[in-house]
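Chemist: have a look at this prediction, sequence included:
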Amino acid sequence: MWRWLAVFLLGGLLGTGFGVALGFFLFPFVFPPPAAMERLTQAEASKLVAKGTFIHANPSDPVHYGKGAVSVYQDVVFLHDDFQVGPGPAFHVYLVPNANIRDAGQVTGTMFVDLGGLRAFKGSQKYAIPAGVDLTKFPSVVIWCEQFSVLISPADLSFEPGS
């Protein structure tokens, strides 16, 4: 009798733990957060330095993807209205000194510039660039998962003439 009770309680505990973990994983898919809708001011949009498009770096990975346009101005990185990434924890926006980023190894160990945590999984957003950053030395913008050190989506930048 006690044995059955112990098995029942252990099963209930394990089932609850599994259910909570599954709920954390599925929550952003079932109840997606609203899209961001930030806009650039005239002053921020005065000097376009570079632009690019986020890509799905590893097509065989259905969870880590991204798409949409990105523009880099003198003081701001702007993710456009069509920006979207798959949901996950602790995503950050990085300026990376390497071109053609396609895997996590190209980001780890580099002197990237962390522009802050991603505020929404889709929609327009802007991130301030710290003073003194030489943008010509950063040909990529990436969305990076800090918690698991995973490349979510890279964007190769094309610099504007005269930048």
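Modeler: Arrived safely, thanks for sending. Numbering: from 1, shown residues only.
Chemist: same question for residue 19, what's its three-state structure.
Modeler: When classified by DSSP: H, G, I helix; E, B strand; the rest coil, residue 19 comes out as helix.
Chemist: and residue 11, that's in a helix?
Modeler: Yes. The assignment for residue 11 is a helix, going by three-state DSSP.
Chemist: pLDDT at it, what is it?
Modeler: Looking at residue 11, its pLDDT is 82.
Chemist: could you report the neighbour count for it?
Modeler: Per other C-beta atoms under 10 Å, the neighbour tally for residue 11 reads 10. (C-beta placed from N, C-alpha, C; glycine too.)
Chemist: look up which helix or strand residue 3 falls in, please.
Modeler: With elements taken from DSSP states H and E, the one containing residue 3 is helix 2-30.
Chemist: after that helix, which helix or strand is next?
Modeler: Next along the chain after helix 2-30, taking DSSP H and E as the criterion, comes strand 36-37.
Chemist: so what are the sheet partners of the helix or strand following that next one and their directions?
Modeler: Moving toward the C-terminus from strand 36-37, the first helix or strand encountered (DSSP H and E) is strand 48-54. In the sheet containing strand 48-54, the strands it pairs with under DSSP bridges are strand 66-73 (antiparallel), strand 150-159 (antiparallel).
Chemist: what pLDDT is listed against residue 131?
Modeler: What the model reports for residue 131 is a pLDDT of 95.
Chemist: who's in contact with the residue most central in space within the chain?
Modeler: Closest to where the C-alpha atoms of the chain average out (C-alpha atoms, centre = their mean) is residue 143, at 3.1 Å. By C-beta atoms under 8 Å, 6 or more residues apart in numbering, the residues touching residue 143 are 54, 66, 85, 91-94, 118, 152-154.
Chemist: residues in contact with the residue lying closest to it once chain neighbours are set aside?
Modeler: When the adjacent residues along the chain are set aside, residue 143 lies closest to residue 152, with 4.1 Å between them (C-beta to C-beta, 6 or more residues apart in numbering). Under the criterion of C-beta under 8 Å, 6+ apart, the contact partners of residue 152 comprise 64-66, 85-86, 88, 91, 142-145.
Chemist: and with 6 Å instead?
Modeler: 64, 66, 85, 143, 145 (C-beta atoms under 6 Å, 6 or more residues apart in numbering).
Chemist: among those residues, which two are most distant?
Modeler: The widest separation within the contacts of residue 152, taken as C-beta to C-beta, falls between 66 and 145 and amounts to 11.3 Å.
Chemist: good, wrapping up.
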